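>>> Okay, here's the prediction I keep looking at, along with the sequence it came from:
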Amino acid sequence: MDFKNRDIISINDFSKQELLYILEIAKQMEQKSKPDLLKDNILATLFFEPSTRTRLSFTSAMEQLGGKVMGFSSIATTSVKKGETLWDTIKMVQSYADVIAIRHPVEGAPRLAAEASSKPVINAGDGANQHPTQTMLDLYTIQKVKGKLDGLHIGMLGDLKYGRTAHSLATALSHFNPTFYFIAPQALQMPQTYLDELKEKKVKFILESNLMKVVKSLDILYVTRIQKERFTDPLEYEKYKGVYKLDTSLLPHIKKDLKIMHPLPRVDEINKSLDDTGHAVYFEQAANGIPVRKALLALVLGKLK
Amino acid sequence: MKKELTISAIKDGTVIDHIPSNATFNVAKILDLEGITGIISVATNLSSKTMGKKGIIKVGNKSLTKDEADKIALIAPNATVNIIKDYGVKQKIKVEIPKIIHKIIKCSNPNCITNNEEILTKFYVLRKEPLRVKCHYCERNMEKEDITLL
């Protein structure tokens, strides 16, 4: 499978075989260090909005493979402030770097960047749309902690309306015969368009607002934050924040091998008391960003086939 | 009484008939007629037995391709497109909604890059009836009622 020069823009662009291949390369990356693999290569990290995990893990992944990193983490110091278009910014950056990771608050910006660039572009998150490397590391985590991806009972909890991680993960997992439990207040439930897609793919799903009704069936519970920044009406946010708060009172009701995931940052939806119970895998999940991003960087730069 | 043609027949070119009256100018706009050197006639609010009122566009010395004709399917799905050669109908084209729609429509997502930077829109047609399209950039699905022309 040749990924050289391939853009990583949307999880929808990847087949089941391609996803499994990326996970396999990520596993190799985790098992063996390759400190010179991307020597003489430069990654540009163009972060038009703030991020901690994603930017740092891209930087760490590139540097662990011997590459260099340049970029910006806010638009305050860039020509974008002067009114430069994204198209022009990318046309300039592509001559300075070998690969570009872009995060942008405007949806579709990474797709446009990829069209402007002759170098591969990796989407590091565009508004409420896509964050494909997060989805790939989520898949990698599930495969690692459960030993498989097929036939799992997956609960998704929290803001399923605006949460892009939940949307993309549902799309990616639908290749693997899952049963989904979408657990959210009705106003924050999974959008109809995603439910229609799942129906077309004959994927089983249940809509529920009460976690306790379904929690005993779950192999994975994927918790998301109610994202303040996605609400246009602050009153709406106040109504739903803190609606789910998981703590150790959950333990008597769950499978022994239930794993709890969260893309982080968490606010108060998972209490710290759950961190050391053997169920929480969210910090491991964040750490898995490194091998997955290493794999993607090496693949799109054509250093691995 | 002798029936008088509102707009004259053309020798060579394209005649688009049975356009809903209120869509006539939008059809003209979509066809991107600027720069064509032949005579272009646009008539609207003409009486029609089947439609009540209708519009007609005649474009001299230009044969529309199937792709060009298909662009109007979104707003005039029942329009007829006839290619004229030497005053006779040489070819009839049935307009169909294309698989990919370039330009023409606007993304309904205000946070889509197409509404924030000057670029041409592009949509994939997921379903023709009722129409559902997906934005190439922000990946939002739009239903028929959300679709507006640029």
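Received, thanks. Just so we're clear, the structure is a prediction, and the values are computed from it rather than from any experiment.

>>> Any idea which residue of chain B lies closest to chain A?
Closest contact between chain B and chain A, by CB to the nearest CB, is at residue B:137 (2.7 Å). (C-beta placed from N, C-alpha, C; glycine too.)

>>> How many neighbouring residues does that residue have?
By the measure other CB atoms under 10 Å in any protein chain shown, the count of residues near residue B:137 is 27.

>>> And for residue B:41?
Applying other CB under 10 Å, we find 15 other residues in the vicinity of residue B:41.

>>> Residue A:136 now?
Other residues lying near residue A:136 total 26 when counted by other CB under 10 Å.

>>> Distance of the residue most central in space within chain A relative to residue A:86?
Note on chain A: the residue nearest the mean C-alpha position is residue A:134, at 1.8 Å, using CA atoms, centre = their mean. In this structure, residue A:134 and residue A:86 are separated by 21 Å, where distance is defined by CB to CB, to the nearest Å.

>>> Then residue B:19?
Shown here: residue B:19 relative to residue A:86, a distance of 38 Å by CB to CB.

>>> who's more crowded, the two?
The residue with the greater number of neighbours, taking residue B:19 and residue A:86 and applying other CB under 10 Å, is residue B:19; the counts read 28 against 22.

>>> Can you classify that one by secondary structure?
strand (DSSP: H, G, I helix; E, B strand; the rest coil).

>>> Could you find the closest non-adjacent residue to it?
Setting aside the residues directly before and after it, residue B:19 is nearest to residue B:55 in space (CB to CB, 6 or more residues apart in numbering or on different chains), at 4.0 Å.

>>> Could I get the contacting residues of that neighbour?
B:19, B:20, B:21, B:23, B:24, B:27, B:42, B:43, B:44, B:45, B:46 (CB atoms under 8 Å, 6 or more residues apart in numbering or on different chains).

>>> can you give me the helices in the stretch 1-150 of chain A?
Listed from the start of the chain, the stretch 1-150 of chain A has helices (DSSP state H, counting those that start in this stretch) covering A:16-31, A:53-64, A:86-93, A:109-116, A:132-146.

>>> Of the ones you listed, give the one that comes closest to residue A:179.
helix A:132-146 (13.8 Å; CB to CB).

>>> Could I get the buried residue list for the closest one?
The neighbour-count check on helix A:132-146 (16 or more other CB atoms under 10 Å in any protein chain shown) flags A:132-146 as buried.

>>> next one: stretch A:7-15
Of the residues in stretch A:7-15, those buried by neighbour count under the rule 16+ other CB under 10 Å are A:7, A:8, A:9, A:10, A:11, A:14.

>>> Filtering those by proximity to chain B, which remain?
Near chain B, judged by CB under 8 Å from any CB of the partner chain, the entries from these are residue A:10.

>>> Please parse the chain into its domains.
No chain was given, so I picked chain A. Domain assignment for chain A by automatic domain parsing gives A:11-130+A:289-300, A:133-286.

>>> my bad, chain B
Here chain B is described, according to automatic domain parsing, as comprising the domains B:13-94, B:100-149.

>>> got JSON lines for those domains, with mean pLDDT too?
As requested, the domains of chain B are exported to JSON lines (pLDDT from 0 to 100):
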{"stretch": "domain B:13-94", "mean pLDDT": "91"}
{"stretch": "domain B:100-149", "mean pLDDT": "93"}
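
>>> quick one: which of those domains is nearest residue A:106?
Closest to residue A:106 of the domains of chain B is domain B:100-149 (CB to CB; 5.1 Å).

>>> Check which helices and strands the lengthiest helix in chain B is in contact with.
Ranked by residue count under DSSP state H, the longest helix found in chain B is helix B:24-30. For helix B:24-30, the elements it packs on are strand B:40-48, strand B:52-60, strand B:148-149, judged by 3 or more CB pairs under 8 Å, 6 or more residues apart in numbering or on different chains; DSSP states H and E.

>>> and those, which is most packed in?
Burial of these is given as mean neighbour count (mean count of other CB atoms under 10 Å in any protein chain shown); strand B:52-60 ranks first at a mean of 20.

>>> mind listing what's buried in the helix or strand just after it?
The element immediately downstream of strand B:52-60 (helix or strand, assigned by DSSP states H and E) is helix B:66-70. Residues of helix B:66-70 classed as buried by neighbour count (16+ other CB under 10 Å): B:68, B:69, B:70.

>>> what are the phi and psi angles of the residue nearest to the first one when sequence neighbours are not counted?
It stands for residue B:68. In this structure, residue B:68 finds its nearest non-sequential neighbour in residue B:31, 6.7 Å apart by CB to CB, 6+ apart. Dihedral pair for residue B:31: phi -70, psi -10, per degrees, to the nearest 10.
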